[in-house]
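**Q** no sequence on this one, just coordinates:
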């Protein structure tokens with residue numbers, strides 16, 4: 001991963017693809033109706049557009065559902081439509097900037113470690129944005145839905161997270177892949193890879209925001225691959241780390257004895273969560289000494305959260 005705010009997908013493109021990428025970006029910045037070239041035709045324009053929209057969350061005003069692509073061996077032509085005109089975009093950008101500045105003023109301190117800044121971004125999005133199971137318009141897929149409406153799909157979460165990281169000079173990219181929920185439903189999905197003090201890790205704010213969880217905060221490749229799929233060779237490697245939420249809070253049990261000890265030590269708390277690195281079923285949890293209460297179990301990640309009744 002390159003420096004904070006760098007265009008990750010751009011960095012992976014060929015010289016021809018970069019030329020098309022730059023030309024399209026110039027067109028979008030001018031609200032141009034058409035990008036066309038007869039010089040660079042041996043490219044995958046859809047791949048380039050996906051890279052542009054992931055690298056540049058500020059292009060929220062592009063109507064991605066009504067782009068018209070014409071491409072053959074002689075020319076490449078893309079017709080653009082825009083959700084907002086230039087003045088509307090400037091007004092919306094100003095409102096989002098105020099939201100982000102308010103967040104930074106309230107939660108980010110000059111001497112704060114990068115990890116703590118990331119935690120604050122994660123907390124902010126979990127607290128202020130909810131998932132839209134039935135997105136109504138393009139805003140649900142962008143930073144507008146996340147930062148101004150407080151409702152969006154995974155794309156909005158991931159792009160808002162990247163924008164907030166970019167502003168704080170934290171290296172972050174938007175990952176494109178799929179995810180399978182606990183009901184076995186697989187869907188296209190987006191999340192982030194972030195570099196924190198030299199450590200690269202996955203964070204899926206969308207899935208954590210479902211209940212103010214930390215199940216998907218700074219996971220390694222092996223952990224995220226339990227319920228997410230993506231082209232690993234395309235992205236920076238994320239090895240096992242110690243900045244995962246459960247490592248940071250020493251909330252990991254490797255066997256039943258460690259689980260019993262953890263439960264005993266936290267018995268009086270109203271709520272606690274831990275990660276189990278061994279196979280288990282619900283009956284074992286009660287054998288470990290959990291008092292009567294509500295258990296949330298994420299079997300895919302081995303997470304158990306207890307809430308006292």
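**A** Noted; the coordinates are in hand. Computed from a predicted model, the values in this text were never measured in an experiment.
**Q** Name the single longest helix found in this structure.
**A** Longest helix in the chain by number of residues (criterion: DSSP state H): helix 86-107.
**Q** Just list what that helix packs against, helices and strands only.
**A** helix 114-128, helix 143-144, helix 154-167 (3 or more C-beta pairs under 8 Å, 6 or more residues apart in numbering; DSSP states H and E). C-beta here means a position set from N, CA and C on the backbone, and glycine is covered the same way.
**Q** Confirm that residue 201 lies within a strand, as I assumed.
**A** Yes: Residue 201: assigned to a strand according to DSSP: H, G, I helix; E, B strand; the rest coil.
**Q** Which stretches in the stretch 201-309 of the chain count as strands?
**A** For the stretch 201-309 of the chain, applying DSSP state E, counting those that start in this stretch gives strands covering 217-219, 228-229, 252-253, 271-276, 293-298, 303-308.
**Q** Return the most buried member of the ones you listed.
**A** Counting by mean count of other C-beta atoms under 10 Å, strand 217-219 has the highest mean neighbour count of the strands of the stretch 201-309 of the chain, with a mean of 24.
**Q** counting contacts, what elements does that strand pack onto?
**A** Secondary elements touching strand 217-219 (3+ C-beta pairs under 8 Å, 6+ apart): strand 199-203.
**Q** how's this protein carved up into domains?
**A** 8-79, 86-242, 249-308 (automatic domain parsing).
**Q** so how far is the last one from its chain's centroid?
**A** If I follow you right, that is domain 249-308. 27 Å (C-alpha atoms, centre = their mean, to the nearest Å).
**Q** quick one: average pLDDT of that domain?
**A** In this model, domain 249-308 has an average pLDDT of 92.
**Q** Just the endpoints, please. Distance across it?
**A** 20 Å (C-alpha to C-alpha, to the nearest Å).
**Q** I'd like the distance between residue 227 and residue 156.
**A** 20 Å (C-beta to C-beta, to the nearest Å).
**Q** which of these two has more neighbours?
**A** More crowded of residue 227 and residue 156, by other C-beta atoms under 10 Å: residue 156, with 31 against 21.
**Q** quick one, what contacts that one?
**A** Going by C-beta atoms under 8 Å, 6 or more residues apart in numbering, residue 156 touches 129, 139, 140, 141, 142, 143, 144, 145, 146.
**Q** and which of the residues you listed is nearest to residue 254?
**A** residue 129 (34.2 Å; C-beta to C-beta).
**Q** Let me know whether that closest one touches residue 209 as I believe.
**A** Yes: the criterion here is C-beta atoms under 8 Å, and residue 129 meets it with residue 209 at 6.1 Å.
**Q** which residues do those two both contact?
**A** residue 157.
**Q** how close does the nearest residue to residue 88 once chain neighbours are set aside sit to residue 101?
**A** Nearest residue to residue 88 in three dimensions, chain neighbours excluded: residue 61, at 7.7 Å (C-beta to C-beta, 6 or more residues apart in numbering). Residue 61 sits 21 Å away from residue 101, taking C-beta to C-beta as the criterion.
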